[in-house]
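1. sharing a model prediction with you, sequence too.
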Amino acid sequence: MERADIIVVGRGLMGTACARHLAEAGCDVVLVGPDEPTDRAHHKGPFGSFHDAGRITRAIAEDAVWSRLATRSIARYRDLERRSGIAFYTDGGAVMAGPQTGPMAGFAQDFLDCAARLGLRHARLTGNDLAQRFDCFSMPKGSLGAFDPLGGVIDPRAMRRAEETLAQAAGARVIPTHVTARNGAVLTLATGAALAAGHVVLAMGGWAGVDPMSSGRPAMRVYQRSVLLAEIDPDEAARLAGMPSLIYVPQGARTDLYLLPPIRYPDGRLYLKIGGEETSPEALDTAALNAWFKTKGSATAGAVLEAELRMLMPDLRIMRTTTAACAVSFTATGHPYIGRLDANTTLLTGGNGAAAKSADELGRLGAVAALGGAVAAEGLGTDFAPMFA
Ligand SMILES: Cc1cc2nc3c(=O)[nH]c(=O)nc-3n(C[C@H](O)[C@H](O)[C@H](O)COP(=O)(O)OP(=O)(O)OC[C@H]3O[C@@H](n4cnc5c(N)ncnc54)[C@H](O)[C@@H]3O)c2cc1C
């Protein structure tokens with residue numbers, strides 16, 4: 001039976017970063033999890049919430065913990081790129097904006113206060129500033145926002161590859177299949193093989209909520225989410241050169257939308273991606289979550305997102321639209337769960353729809369916990385203690 005001091009279950013964004021930090025600290029690490037499926041319809045096993053070409057990154061957030069997590073991660077992006085030889089960060093800036101009245105009136109003031117408190121470099125933007133500086137967007141005059149120069153776009157697939165490349169360079173071994181069962185420190189793989197570890201880090205994203213593999217079920221709700229991809233032609237993409245990533249609350253809305261600038265997807269086409277739903281169905285078990293990832297998302301959600309996009313960017317020349325499925329995992333604390341569950345288990349999960357940008361710091365905290373350190377002493381402003389249902 002193959003053995004390792006530490007087995008990280010989940011080759012997603014957090015797990016791979018955790019494996020890198022552990023391997024670079026000199027630990028004997030095995031990282032186990034499936035590759036992204038090439039044939040989604042026939043894939044047997046978990047998918048991943050990073051199977052996409054773009055994620056927004058930004059240091060500014062309404063919450064200081066998330067801001068600190070992102071700031072620390074962004075500070076390491078260029079080093080990760082340089083050492084791995086894999087580029088994943090485009091620093092085109094990010095804008096956050098929202099109305100000053102209505103159900104989310106406090107949103108803009110919260111991220112502005114947080115940025116000021118943490119001393120984050122940013123430009124405060126009134127409605128007029130937004131209209132002049134970012135004329136591709138049409139926002140109500142009463143909007144308030146901020147420009148974050150550290151913000152932009154990361155390619156989550158490439159970032160994961162960069163982390164894994166460095167983990168392997170530091171000696172980590174990768175087993176590209178999923179775990180089907182766990183009995184203490186022994187894991188059974190989908191291949192039928194068994195793996196034994198001194199310690200197991202469970203970094204399974206949403207699957208940790210529906211298929212916990214730990215003694216308790218994390219208090220986490222996993223939601224099926226849809227995104228709209230709007231294809232544009234190269235001329236339209238050139239017209240939008242300089243467009244920042246955007247987190248935006250429309251007037252009267254109860255949740256924020258996110259919008260990425262034009263990105264070339266693996267199919268060779270250029271898309272803007274928009275997402276953000278106030279509610280969506282919950283995935284209650286592994287079968288339902290995996291089945292959701294085999295769909296193209298919700299056409300109804302896609303239609304709402306397209307209407308929002310057309311309102312926000314009335315001049316946008318869209319060639320065609322399509323939708324895609326993903327999943328987000330919301331914890332009871334609003335922060336990820338990072339902590340030891342028992343002597344041989346650490347939990348590292350709960351992205352709350354916002355963890356891609358911060359995965360490197362989250363992975364580092366997972367490594368601290370796995371090695372018996374105190375995550376609460378890491379200066380993030382919370383202890384990330386897991387809660388159970
Ligand atoms: C539509 C959408 C848009 C988003 N946009 C942003 C954004 O703009 N900015 C941002 O910062 N964040 C964003 N996020 C959130 C971000 O992508 C997630 O928070 C992040 O991917 C979570 O990382 P993770 O490692 O916890 O989970 P994942 O990245 O999902 O990785 C979990 C991994 O565990 C594996 N796994 C599961 N079960 C097993 C098993 N039994 N055995 C082995 N492996 C297993 C899975 O296959 C997967 O590879 C977005 C999420 C979605 C869905």
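-> The structure has been received and is ready for your questions.
2. could you pull out the helices for the stretch 201-350 of the chain?
-> Assigned by DSSP state H, counting those that start in this stretch, the helices in the stretch 201-350 of the chain fall at 207-210, 234-239, 286-293, 299-312.
3. now the stretch 51-200 of the chain
-> 64-84, 106-118, 127-133, 156-169.
4. and the residue of this structure closest to the ligand?
-> With C-beta to the nearest ligand atom, the shortest gap between the chain and the ligand falls at residue 12, namely 1.7 Å. In short, each C-beta sits where N, CA and C put it, glycine included.
5. isn't residue 324 right up against residue 52?
-> Yes - applying C-beta atoms under 8 Å as the test, residue 324 and residue 52 come out as touching, 7.4 Å apart.
6. which neighbours do the two share?
-> Residues touching both residue 324 and residue 52 (C-beta atoms under 8 Å, 6 or more residues apart in numbering) are residue 227.
7. residue 283: neighbour count?
-> By other C-beta atoms under 10 Å, the residues close to residue 283 number 23.
8. typed the wrong thing, it's residue 282
-> Neighbours of residue 282 (other C-beta under 10 Å): 15.
9. please apply the same query to residue 372.
-> Residues lying near residue 372 (other C-beta under 10 Å) number 10.
10. wait, it touches residue 340, no?
-> Yes - judged on C-beta under 8 Å, residue 372 makes contact with residue 340 at a distance of 7.5 Å.
11. before we move on, back to that, among the helices of the stretch 51-200 of the chain, which is the most enclosed?
-> For the helices of the stretch 51-200 of the chain, the largest average neighbour count (mean count of other C-beta atoms under 10 Å) is found in helix 156-169, namely a mean of 22.
12. distance of residue 257 from residue 283?
-> Counting by C-beta to C-beta, to the nearest Å, the gap from residue 257 to residue 283 is 22 Å.
13. and stretch 52-66, how far apart are its ends?
-> 22 Å (C-alpha to C-alpha, to the nearest Å).
14. quick one on the thing from earlier: pipe the helices of the stretch 51-200 of the chain into a markdown table and attach mean pLDDT and distance to residue 225 per row.
-> Output for the helices of the stretch 51-200 of the chain, formatted as a markdown table (pLDDT from 0 to 100; distance: least, C-beta to C-beta, whole Å):
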| stretch | mean pLDDT | distance to residue 225 |
| --- | --- | --- |
| helix 64-84 | 98 | 18 |
| helix 106-118 | 96 | 20 |
| helix 127-133 | 94 | 27 |
| helix 156-169 | 98 | 15 |
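15. quick one: closest of these to residue 387.
-> helix 64-84 (15.4 Å; C-beta to C-beta).
16. what's that closest one packed up against?
-> strand 55-57, strand 89-90, helix 106-118, helix 156-169, helix 359-370 (3 or more C-beta pairs under 8 Å, 6 or more residues apart in numbering; DSSP states H and E).
17. which bits of the protein sit near the ligand?
-> Within the chain, the positions adjacent to the ligand are 9-15, 32-34, 46-50, 55-56, 178-179, 203-205, 207, 225, 227, 258, 275, 326-328, 349, 351, 353-357, 359 by C-beta under 6 Å from any ligand atom.
18. select only the buried ones of the residues you listed in ChimeraX?
-> Of these, the buried ones can be selected in ChimeraX as follows, counting by 16 or more other C-beta atoms under 10 Å:
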select :9,10,11,12,13,14,15,32,33,34,46,47,48,49,50,55,56,178,179,203,204,205,207,225,227,258,275,326,327,328,349,351,353,354,355,356,357,359
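19. the residues of the chain next to the ligand in strands, which ones?
-> 9, 32, 55-56, 179, 225, 227, 258, 275, 326-328, 349 (DSSP state E).
20. in TSV, list those residues along with pLDDT and distance to residue 386.
-> Putting these into TSV (pLDDT from 0 to 100; distance: C-beta to C-beta, whole Å) gives the following:
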residue	pLDDT	distance to residue 386
9	98	15
32	98	21
55	98	24
56	98	26
179	97	19
225	98	23
227	98	28
258	98	27
275	98	27
326	97	23
327	98	19
328	98	18
349	98	8
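21. want to throw those into CSV with distance to residue 89?
-> Below are these laid out as CSV (distance: C-beta to C-beta, whole Å):
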residue, distance to residue 89
9, 27
32, 27
55, 10
56, 12
179, 31
225, 24
227, 21
258, 17
275, 20
326, 21
327, 24
328, 22
349, 24
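22. export the helices and strands packed on helix 64-84 to CSV and tack on distance to residue 150?
-> Listed next are the helices and strands packed on helix 64-84 as CSV, based on distance: least, C-beta to C-beta, whole Å:
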stretch, distance to residue 150
strand 55-57, 8
strand 89-90, 10
helix 106-118, 11
helix 156-169, 15
helix 359-370, 14
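23. which of the ones you listed sits closest to residue 249?
-> Residue 249 lies closest, by C-beta to C-beta, to one member of the helices and strands packed on helix 64-84: helix 106-118, at 5.3 Å.
24. which other helices and strands contact the closest one?
-> Counting contacts by 3+ C-beta pairs under 8 Å, 6+ apart, helix 106-118 packs against helix 64-84, strand 94-99, strand 143-148.
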